[in-house]
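Novice: quick one: sequence plus predicted model below, questions after.
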Number of protein chains: 2
Amino acid sequence: MLRGAARALTVGSLNPKVVALADHHLAGRVARRAQSMQEDLESNPASHPFKEIIYCNHSNPQSQGQQPNKFFREVLALCDYPHLLDRSQTSFLFSSDAIARARDILGLIPGRSTGGYSHCQGIEGLRDAIADGIASRDGLPSYAEDIFLTDGAAAPVHMMMHLLIRDRQDGILCPIPSHSLYTDSMVLRGATLVPYYLDESKGWRVNISDLKKQLDGARSKGIAVRGLVVVNPGNPTGQVLSEENQCEIVELCKNEGLVLLADEVYQENIYTDQKKFNSFKKVAGSIGHGEGDISLVSFHSVSNGYYGECGRRGGYMEVTGFSSEVRKEVYKVASLSSCSNISGQILMSLVMNPPKVGDESYTSYRAERDNILSSLSRCAEAMVSTFNSLEGMSCSKAEGAISVFPSVRLPPQAISAAEAMNTEPDAFYALRLLESTGIVVVPGSVFGQVPGTWHFRCTILPQEEKIPLIISRFKAFHEAFMEEFRS
Amino acid sequence: MLRGAARALTVGSLNPKVVALADHHLAGRVARRAQSMQEDLESNPASHPFKEIIYCNHSNPQSQGQQPNKFFREVLALCDYPHLLDRSQTSFLFSSDAIARARDILGLIPGRSTGGYSHCQGIEGLRDAIADGIASRDGLPSYAEDIFLTDGAAAPVHMMMHLLIRDRQDGILCPIPSHSLYTDSMVLRGATLVPYYLDESKGWRVNISDLKKQLDGARSKGIAVRGLVVVNPGNPTGQVLSEENQCEIVELCKNEGLVLLADEVYQENIYTDQKKFNSFKKVAGSIGHGEGDISLVSFHSVSNGYYGECGRRGGYMEVTGFSSEVRKEVYKVASLSSCSNISGQILMSLVMNPPKVGDESYTSYRAERDNILSSLSRCAEAMVSTFNSLEGMSCSKAEGAISVFPSVRLPPQAISAAEAMNTEPDAFYALRLLESTGIVVVPGSVFGQVPGTWHFRCTILPQEEKIPLIISRFKAFHEAFMEEFRS
């Protein structure tokens, strides 16, 4: 029993913006059921009609078996314990370019100390390396002073929302479907989410006339729309935006005075030869818009790509087109957490400046990278073609990122059955899938979808040898499900 | 020139709570001057009447030359690059217990992956180790489910403020002098800071009747006081609270329904035989108050102590006496950043579970630890006795933490000279000190002080061999300063 002070603290007396955060009960409900089934299987392997739970819900590549890049981890280990650099045995255990890189990095840090706070934007020499990487990616200058190194990409998104949102009358345009980082961050700041639907019929491109309509509609209700979130490559939708679509988005932001918040964390995850990743900064530059025309924030992290180092919490935002006064305020928000973790900072610099042709590690680095990305590409293709072969299902090509978002035309009887259980129909489908196959996906309702349509998010991250099993189980389940609820 | 969108974003259109954050211009002004003098000295060693800048302003031990603990860094390196565990040369480069510990830790992590997201509270096995460390420190049970592993101690402070503060009518009792984490966090949430002055004449103890007066005063103005921040050992004041004073604080929080937010990050930095560190949880337990009586949050980090790993951003909060509903809301806030960095999580577990008697590293670990802490203790004592020997200065004993906070009775002519330069008198003193000695301290105004009194914060972190130089320069400066402004 709670007495005294402990009794005084109730949910009703907490910050309502925190209480208003979704507890992601739908995603949580499926995940919790998967967890309990996992425990069942551990204590009794015959407790379910399958031997293992297959997680197609987590954006967590290394927990799915993806191996970390060897060169990156060598450098991290050497920077953690620089004493190794003075020992002769080290040359038998580490590649020569990892040793050289660790020496270079330590030389960039005042006092060679990886245990001290850095500048709140991150170690300057590492920001130089990242700016060089961005410049060579885009063919445009990039500056260390524009880079803020952060603990993953969620931290800088929260920082920007903090800066831009004053109250409920401020709004941000946000794609639907969208992952929870943006929606949560807006709820937490008390912002008005101004949704725009991605156009599924056109491979999830951004429909500019719809976007403009949403913007005008919000403004007519007195909402000050401060910025636009765009996720490219898309999550959960897996599209890579065309350059022409990106140009339209840039023009809109420029003309309407919107800060363009570009989530570009999947920039290395591209699975199509038809398209390449173009940063919004490069696209803006290509149509003649520079610092004076558009306020642009690009978010990146070490969590995805062929590196997939989510747990290392490395990230950055590149902030361009902000006045020096506004930039000082960005700096203030960044300085509240002193600095981001130094290992994450180092890793981010490695991602943006990997081994080059001629370096000892280049061949292995390149092989690891290509193996991971081509395996992801094959998984994506196998999943997409399977989903498109199933009755009532359609799935856009996975051009990039780490998941696909197929739609399922659920039979009316399935919808009624879900309603009878007081469950969203897509959650009902996901739970039935889990019970009969052990495959975990996330119901589309979690991300938002056009009303009356039903989807699920399925990651392409499971190890490739499991794909045939996933496909055969999925097919068998779906056919049985459609049969069961056929009217 | 800014056009279009870039022009639209002005400081006036940003979140006023961010804009209201102090830019710490006083601390910043001294630090910037030190930076420019550092650059002068690098280009021309004869540019100032000293050869180096001595930083007594940074809470950043490793940037001052403190060496990281060898065992800790061995374990981190092995966990970064587990491939080392399979190589025979590794036993020549790493201690056997570091190798064993790394194996244990990897065994705690699903898939042995230090690159995956963990549970949002942190890896469960590491939380178990930390809970065991807390239990053995306090002689009371501690549970992994109460531990939230975080990126340093700033992150969980912001989380708790986020949770507790609804609007300007909510207040938090905060000690003065106080470091900026608490004041900034409150400004950012739009909370009302309810200050209570620490009693300098009693070695910076908490004066409970004054505290009660401030609480009642705030309530009479309609402020809902939600919690009380206490920093023990104190920053910037360096006191260790007596157990009796801690009991009074616990009773007050219990009786008045205040959440006790206990900053206990300096728990390993104790320099007196007369007192020891007692956690507030232990003190509450000793007077019979448990989970049902008081809501208590204890903050700790890897940034201080003999480890001083600020840049690693490891930390935790232990949350006790919260109802399960309220705890769910804490969890929601914590989950917004997915998880804290895994290296920081591992390091926090090592700090709370260091080598034990009989382990190969125990002797070296213990020697490193004791050398650092006894050196800090000698620095503190030398500084305190110097400051107490100077005209008009008095300084409480440095019982713990990493800084002292002497008061200086500035001569009226010095105050007039400062006012003529539109500067706070303590900033004037700090700038004059810097110009003539190269020693950097932080003016007391940055932390708050009783009006009409002047202080500065001086860390005890410079390497011990520099202390005689610091003392002789300080003495010469202070005597000349007092002479110059004598009326």
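Specialist: Happy to help now that I have it. Numbering: from 1, shown residues only, chains lettered A, B, ... in the order given.
Novice: A:R226: helix or strand, and which one exactly?
Specialist: A:R226 is part of strand A:224-231, with elements assigned from DSSP states H and E.
Novice: adjacent strands (with direction) for that strand?
Specialist: strand A:170-176 (parallel), strand A:259-263 (parallel) (DSSP bridges).
Novice: distance check, the residue nearest the centre of chain A against chain B.
Specialist: Nearest to the geometric centre of chain A sits A:V265, at 5.9 Å (C-alpha atoms, centre = their mean). Shown here: A:V265 relative to chain B, a distance of 12 Å by C-beta to the nearest C-beta, to the nearest Å. Backbone N, C-alpha and C define where each C-beta goes, glycine included.
Novice: for that residue, give me its contacts.
Specialist: By C-beta atoms under 8 Å, 6 or more residues apart in numbering or on different chains, the residues touching A:V265 are A:A153, A:F299, A:H300, A:S301, A:S303, A:N304, A:G315.
Novice: one more: A:S95?
Specialist: Going by C-beta under 8 Å, 6+ apart, A:S95 touches A:K70, A:F71, A:E74, A:E360, A:S361.
Novice: same thing but 10 Å
Specialist: Residues in contact with A:S95 (C-beta atoms under 10 Å, 6 or more residues apart in numbering or on different chains) are A:K70, A:F71, A:E74, A:V75, A:R101, A:P355, A:D359, A:E360, A:S361, A:Y362, A:S364, A:Y365.
Novice: okay, now the domains of chain A?
Specialist: A:4-65+A:373-484, A:117-352 (automatic domain parsing).
Novice: how about those domains in TSV, adding mean pLDDT?
Specialist: TSV is the format used below for the domains of chain A (pLDDT from 0 to 100):
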stretch	mean pLDDT
domain A:4-65+A:373-484	93
domain A:117-352	96
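Novice: for the residue of the stretch 201-350 of chain A found nearest chain B, grab phi and psi.
Specialist: Per C-beta to the nearest C-beta, A:G257 is where the stretch 201-350 of chain A lies closest to chain B, at 3.3 Å. Main-chain dihedrals, A:G257, degrees, to the nearest 10: phi 70, psi 40.
Novice: coming back round to it: okay, the strands paired with strand A:224-231, which one's buried deepest?
Specialist: Each of these was scored by mean neighbour count; the highest is strand A:259-263, a mean of 26, by mean count of other C-beta atoms under 10 Å in any protein chain shown.
Novice: from B:D86, how far off is A:F405?
Specialist: 40 Å (C-beta to C-beta, to the nearest Å).
Novice: repeat for A:K475
Specialist: Separation of A:K475 from B:D86 (C-beta to C-beta) stands at 40 Å.
Novice: next: A:D97.
Specialist: 21 Å.
Novice: looking at the two, which is more packed in?
Specialist: A:D97 (19 against 7; other C-beta atoms under 10 Å in any protein chain shown).
Novice: check contacts around the residue nearest to the more buried one when sequence neighbours are not counted.
Specialist: Leaving aside its sequence neighbours, A:D97 sits nearest to A:D359 (C-beta to C-beta, 6 or more residues apart in numbering or on different chains; 4.2 Å). The contact partners of A:D359, taken as C-beta under 10 Å, 6+ apart, are A:F71, A:S95, A:S96, A:D97, A:A98, A:A100, A:R101, A:Y365.
Novice: A:L85 is in contact with the third one, correct?
Specialist: Put plainly, it is A:S96. No - using C-beta atoms under 10 Å, A:S96 makes no contact with A:L85, being 12.0 Å away.
Novice: what about the two, which has more around it?
Specialist: Each of A:S96 and A:L85 has its neighbours counted (other C-beta under 10 Å); A:L85 has more, 16 against 11.
Novice: contacts only, for the more buried one.
Specialist: Residues near A:L85 by C-beta under 10 Å, 6+ apart: A:L78, A:C79, A:F94, A:I99, A:A100, A:A102, A:R103, A:L106, A:R112.
Novice: one more: A:A418?
Specialist: By C-beta under 10 Å, 6+ apart, the neighbours of A:A418 are A:L410, A:E424, A:P425, A:D426, A:A427, A:F428, A:Y429, A:L431, A:R432, A:W454, A:F485.
Novice: quick check: buried residues in the strand or helix carrying it?
Specialist: According to DSSP H and E, A:A418 maps onto helix A:412-420. Buried positions in helix A:412-420, judged by neighbour count with 16 or more other C-beta atoms under 10 Å in any protein chain shown: A:A414, A:I415, A:A417, A:A418.
Novice: now, the most widely separated pair of those?
Specialist: Greatest spatial distance among these (C-beta to C-beta): A:I415 and A:A417, at 7.3 Å.
Novice: give the residues shared as contacts by these two.
Specialist: Shared contacts of A:I415 and A:A417, defined by C-beta under 10 Å, 6+ apart, comprise A:P425, A:F428, A:F485.
Novice: taking these one by one, which sit in strands?
Specialist: Counting by DSSP state E, no part of the shared contacts of A:I415 and A:A417 is found in strands.
Novice: just the ones of the residues you listed in helices?
Specialist: Members of the shared contacts of A:I415 and A:A417 lying in helices (criterion: DSSP state H): A:P425, A:F428.
Novice: name the nearest of the shared contacts of A:I415 and A:A417 relative to chain B.
Specialist: Chain B lies nearest to A:F428 out of the shared contacts of A:I415 and A:A417, by C-beta to the nearest C-beta, at 24.9 Å.
Novice: ok, the closest one - contacts?
Specialist: Contacts of A:F428 (C-beta under 10 Å, 6+ apart): A:410, A:414-415, A:417-422, A:443, A:454, A:481, A:485.
Novice: just put those in TSV and tack on distance to A:I123.
Specialist: Below are the contacts of A:F428 laid out as TSV (distance: C-beta to C-beta, whole Å):
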residue	distance to A:I123
A:L410	52
A:A414	55
A:I415	55
A:A417	57
A:A418	52
A:E419	55
A:A420	58
A:M421	54
A:N422	52
A:P443	42
A:W454	47
A:F481	53
A:F485	58
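Novice: now for those residues: which two are most distant?
Specialist: Largest separation among those by C-beta to C-beta: A:N422 and A:F481, giving 19.4 Å.
Novice: the strands in the stretch 201-350 of chain A, which residues?
Specialist: A:205-206, A:224-231, A:259-263, A:296-301, A:315-320 (DSSP state E, counting those that start in this stretch).
Novice: what helices or strands is the last one leaning on?
Specialist: When you say that, I think you mean strand A:315-320. helix A:124-138, strand A:147-150, helix A:154-164, strand A:259-263, helix A:280-286, strand A:296-301, helix A:324-335, helix A:342-352 (3 or more C-beta pairs under 10 Å, 6 or more residues apart in numbering or on different chains; DSSP states H and E).
Novice: mind running it again at 6 Å?
Specialist: strand A:147-150, strand A:296-301 (3 or more C-beta pairs under 6 Å, 6 or more residues apart in numbering or on different chains; DSSP states H and E).
Novice: what does the shortest one give?
Specialist: Using 3+ C-beta pairs under 6 Å, 6+ apart as the contact definition, the elements that strand A:205-206 packs against are helix A:243-256.
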